[in-house]
Each structure stands twice: as structure tokens, then as C-alpha cells.
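Enquirer: Quick one, what's the 3D model for this:
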Amino acid sequence: MTVYLVGAGPGDPGLLTVRGAEVLAGADVVVHDRLSVASLLELAPPSAERIGVGKTPRGPSTSQEEINALLVAKGSAGLEVVRLKGGDPFVFARGAEEAAALAAAGVAFEVVPGVTSAVAVPAYAGVPLTARGLATSFTVVTGHGDGLGATPTDWEAVAQVGGTVVVLMGVATRGEIARRLLSGGLAPSTPVASVRWGTRPEQRTVRTTLAALGDADLEPPAVIVIGDVAALDLAWYERLALFGRTVVITRPRHQTAALTRRLQRLGAATIALPTIEIDEPADGGAALRAAAASVGSYDWVVFTSANAVERFLPLLRDARAFGPARVAAIGPGTAQALAEARVVADVVPERFVAEGLLDALPPPPPPASAGRGRGRVLLPRAAVARDVLPDGLRAAGWDVDVVEAYRTRPARPPPEALAAVARADAIAFTSSSTVTSFVEVAGPDAVPPVVVCIGPVTAASARRLGLTVAVEAAVHTLDGLVDALVAALAPTRQATVVGREEASP
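Expert: Predicted coordinates:
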């Protein structure tokens with residue numbers, strides 16, 4: 001077994017390396033920093049032990065000796081241990097001390113480099129560390145080198161090196177740093193850019209000069225860039241459509257990743273607040289297994305959610321079990337879930353609601369041609385769902401078997417997650433069950449200012465519970481939901497309140 005010293009990057013979870021994600025996926029224990037992004041912990045198995053050892057300025061902290069001892073103990077116990085550290089483990093992160101402790105104890109370890117904040121944070125602020133005609137080199141220095149037990153930094157010598165100076169952990173000592181760089185020969189007008197919480201939706205860039213750096217309104221954690229390149233403003237991250245906005249995601253935990261990624265690519269912060277959990281059917285799945293065993297006897301198998309697909313398909317030997325039965329999906333999300341199992345939906349309606357599916361399905365065959373009485377439809381779905389589809393199919397002449405594939409029940413988010421919701425800008429509902437469960441768990445007064453729904457069915461449920469719906473997605477998929485959030489939260493965009501909906505849990 002191995003202890004992995006993994007660089008988590010400076011904040012944006014997308015900057016975690018592929019190797020870092022691989023070892024997290026196999027971890028028995030994750031020992032993580034305070035600065036690590038919480039969503040990265042979701043990459044570890046649910047069964048993995050998660051231990052926070054972050055150091056808090058002027059607050060409770062775990063000493064480095066305690067961290068070393070913990071890593072040795074967990075590694076010696078034969079566990080796969082991931083030590084998740086902000087930035088790169090060997091760049092001002094004391095990873096060398098942890099590696100030395102492991103080596104001395106005879107515990108196998110591996111270093112997984114991370115993207116250092118010294119490079120990534122200025123890039124997210126639109127400040128290149130080198131640029132033709134401005135800087136051909138850069139120097140990375142810690143702002144409290146004395147605290148690392150090293151020789152005190154000769155800032156006057158740093159000023160003489162030329163190029164760009166990147167200071168990490170230097171907010172508290174910025175006045176002294178500025179004074180000594182000026183003493184070393186840098187001009188008072190030298191541009192400075194300080195970036196707090198770089199690569200995260202909370203990112204804030206303050207621009208000043210070296211002469212004014214000591215009095216600038218800065219807070220840690222920040223990366224300070226000093227040099228001519230700091231005058232460049234090639235901002236891109238802070239101009240993303242949802243930069244600085246916080247969105248609550250109410251989908252079941254195992255389904256949050258896809259929407260989270262979409263929102264984070266637009267600069268949003270997300271709060272995972274699963275309001276429902278997916279449970280086994282009331283009969284333990286007996287009826288679903290029986291339906292799967294005879295699936296080839298149906299004319300159509302109709303799926304109205306990805307959850308139904310994920311529950312039903314594993315019960316089949318392979319796609320050949322469908323035999324002559326054709327397959328319908330209520331929308332592209334459900335069709336995608338089928339496609340991932342190498343099953344192509346024969347019908348996907350233009351309107352992603354039960355009414356659209358009724359319009360898209362053909363009439364049943366005449367009894368004589370069916371060879372077994374009226375045409376048959378299998379509908380595996382949630383225990384609680386609208387009866388529009390089965391009632392409409394029966395009215396059209398189909399024999400319909402509705403089989404319970406799963407049940408939804410309210411989740412119980414931790415108090416800290418509910419407290420975070422109060423600070424969010426918007427909440428996204430993907431199904432009626434997520435709305436109902438949110439109100440049951442948190443109450444209608446806890447809803448953020450902007451409510452966005454995936455479509456009319458979900459919006460109607462929200463309004464019945466007293467919520468004010470700001471916008472419905474024009475196309476009722478995850479991409480359409482994201483577009484609706486942009487429309488509702490970006491001041492230059494206009495909301496759209498029409499469209500199609502794909503049913504969810």
C-alpha cells in the first residue's frame with residue numbers, strides 16, 4: 001500500500017491532474033488541507049475516511065508533526081492513503097517533510113505533482129508571468145520564508161534579478177517586502193497585481209503599485225505579482241457568464257457531477273444539496289426483475305428517467321434481451337443513459353414531457369397482427385409519478401404494465417450545507433421531487449432569491465408550494481437549465497419562459 005502526496009491545485013477542481021484523480025478514486029483514507037476544494041473529496045469512494053488537517057491562521061490547527069505521524073500510521077496499516085494538498089506538494093507545502101517522515105518509517109509513497117498557485121492564479125487573473133518585451137523570467141518567493149526555517153529572503157537581491165516576482169503567502173508582510181524591493185532598486189511605479197482565492201469563483205484581483213502595496217486592501221490567501229507584466233489585463237475567468245455566482249444543486253448526490261461541471265466551467269460556485277435519495281422499490285425489485293426476464297414479450301419499453309434506465313438495464317443479460325421490443329426515451333438525458341449501455345432509443349420526442357411521448361409513440365398494432373392480443377408497453381419508473389403517460393397509452397389502446405423501478409425519499413443535508421444555501425444566488429430544481437423535498441427539509445423561506453426550474457412540470461410543483469419561479473429552461477435538459485441560469489443571473493441576458501421538459505426522478 002502507498003501514501004500519495006497529491007497536489008490538488010490552487011482551487012479550480014478542473015486543475016487536478018489525471019493521476020491525482022486516479023489515486024483519489026482508489027483511496028481508503030484522504031488527509032486533506034483546509035484550502036482543498038470540497039468537491040475534490042467527492043472523487044474518493046464514499047467509504048473512504050476523510051480527515052481534515054488544514055492549518056487555520058490564528059485558529060485551531062493540526063501540527064506538522066501530527067500530520068506526519070498520521071500519514072505514517074495510516075500507511076503502515078496497509079491502507080491506500082491520499083494526502084491532498086493545495087497547489088503542488090513540493091512548492092511551499094511541506095511535502096518534503098511528509099515524504100521524509102514516510103521514508104524514515106519505511107512507508108512507500110508517491111508524489112503526484114499539482115498545478116502551483118504561483119503559475120495558475122496569475123493566469124486566471126489574466127496576468128502572464130512572462131511576456132515578450134516585458135519579462136523573460138520569473139522568481140517565486142514565499143512571503144514568510146523565516147517561518148519555514150530557511151535563510152531569510154534577501155529581497156534586495158531579488159529586486160536585482162529582474163523579470164517578474166511572484167510572492168506567495170506575503171499579504172501579512174507586504175509592507176516590508178515592498179520597502180526592501182524598493183531599496184533593492186525597483187521603481188515605486190512598478191505594477192502589482194494581487195489575486196485572492198485565485199481560480200475560484202471568489203477570485204478578486206487588486207491592482208496597485210509597489211509604492212502603494214503596503215497600504216493596499218489585501219486579504220489572504222493571495223498571490224502577489226510584481227513587475228511590468230502586472231500591468232497587463234488579459235482577464236477571462238472573471239468575465240465568465242456566471243463568475244462569482246453561487247448555485248444550489250438539488251439533484252441526488254450521484255447525479256450532481258454533470259451539472260456541477262457545466263456551472264463551474266462558467267465560473268459559478270456550486271453547493272451540492274441533494275434533497276432526494278434513490279431507494280430500492282418497495283418489493284425489493286421483484287417486479288422489476290420479473291419484467292426484465294420477459295422484456296422481449298413487449299412491443300415497447302418506455303423510460304422516463306435515467307434512474308429507471310440505471311435500475312432496469314443491469315437486470316438484462318445484454319441488449320439482445322429486448323428482442324423485438326422497441327425502446328423509447330422521454331428526452332436526451334434518458335437517451336444518453338441508454339446509449340451508455342449500447343442501447344439506442346427508437347423514439348425521443350420533441351417535447352420532453354409525457355404528453356410529448358404520447359404524441360411520438362405510434363398507435364398499437366391491430367390485435368390480429370400483434371399475435372398476442374393488444375400491443376403491450378412496459379413502463380419502469382419511479383414509485384410516485386404523474387399518470388399522464390400510462391393513462392394516455394391505455395386510452396390509445398395499449399396494454400400497459402407500470403413497474404416500480406425505484407423510490408425517492410427526502411435526503412437530510414447537514415446543517416452547514418443548509419446554512420450555505422442562505423448565501424446562494426440561485427437554486428436549480430430538476431424535478432418535482434427535488435422541489436417537494438427541499439421545501440420539506442429547508443422550508444420555503446430558505447429558498448435563494450432566484451429559482452430556476454428545468455421545465456413546466458417542475459415549475460408548477462414549485463409554484464404550488466409557494467415558490468416564485470424566475471425562469472424555466474427553454475430546452476429542458478441540463479444544458480437548457482444552465483442556459484436558464486445564465487439568463488436569470490447575467491444582467492445582460494434575458495430570461496425565456498417557454499419550452500420542453502425531460503422528466504427527472
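
Enquirer: make it CA atoms for all contacts and neighbour counts henceforth
Expert: Fine.

Enquirer: Can you give me the first-to-last residue distance of stretch 460-472?
Expert: End-to-end distance of stretch 460-472 (CA to CA, to the nearest Å): 10 Å.

Enquirer: Tell me the gap between that stretch and the middle of its chain.
Expert: A distance of 25 Å separates the centroid of the chain from that of stretch 460-472, by CA atoms, centre = their mean, to the nearest Å.

Enquirer: Please spell out which residues along that stretch are buried.
Expert: Ser461, Ala462, Leu467, Thr468, Val469, Ala470, Val471, Glu472 (16 or more other CA atoms under 10 Å).

Enquirer: Which of those sits closest to Leu485?
Expert: Among the buried residues of stretch 460-472, Val471 lies closest to Leu485 (CA to CA), at 8.0 Å.

Enquirer: Setting the sequence-adjacent residues aside, check what's closest to that closest one.
Expert: Of all residues not flanking Val471 in the chain, Val452 sits nearest, at 5.2 Å (CA to CA, 6 or more residues apart in numbering).

Enquirer: okay, now the one you found: neighbour count?
Expert: When neighbours are defined as other CA atoms under 10 Å, Val452 has 26 of them.

Enquirer: Give the phi and psi angles for it, as a check.
Expert: Note on Val452: backbone dihedrals following degrees, to the nearest 10 are phi -120, psi 130.

Enquirer: what about it, distance to Gln264?
Expert: 17 Å.

Enquirer: And for Ala360?
Expert: 35 Å.

Enquirer: Compare these two and say which is more crowded by neighbours.
Expert: Gln264 (22 against 16).

Enquirer: got the contact list for the nearest residue to Thr142 once chain neighbours are set aside?
Expert: Closest residue to Thr142 apart from its sequence neighbours, by CA to CA, 6+ apart: Leu168 at 4.8 Å. The contact partners of Leu168, by CA atoms under 8 Å, 6 or more residues apart in numbering, come to Ala118, Val140, Val141, Thr142, Gly143, Ala222, Val223, Ile224.

Enquirer: Might you report the residue contacts of Leu80?
Expert: Actually, residue 80 is Glu rather than Leu. Contacts of Glu80 by CA under 8 Å, 6+ apart are Met1, Thr2, Val3, Tyr4, Gly26, Ala27, Asp28, Val29.

Enquirer: could you redo the last one with a cut-off of 7 Å?
Expert: Neighbouring residues of Glu80 by CA atoms under 7 Å, 6 or more residues apart in numbering: Met1, Thr2, Val3, Ala27, Asp28, Val29.

Enquirer: So among those, where is pLDDT lowest?
Expert: Ranked by pLDDT, those bottom out at Met1 (84).

Enquirer: Just confirm that residue contacts Val81, I think it does.
Expert: No: applying CA atoms under 7 Å as the test, Met1 and Val81 come out as separate, 8.1 Å apart.

Enquirer: Settle it for me: which of those two has more neighbours?
Expert: Val81 (27 against 14).

Enquirer: quick check, nearest of the contacts of Glu80 to Val91?
Expert: Nearest to Val91 among those is Val3, at 18.3 Å by CA to CA.
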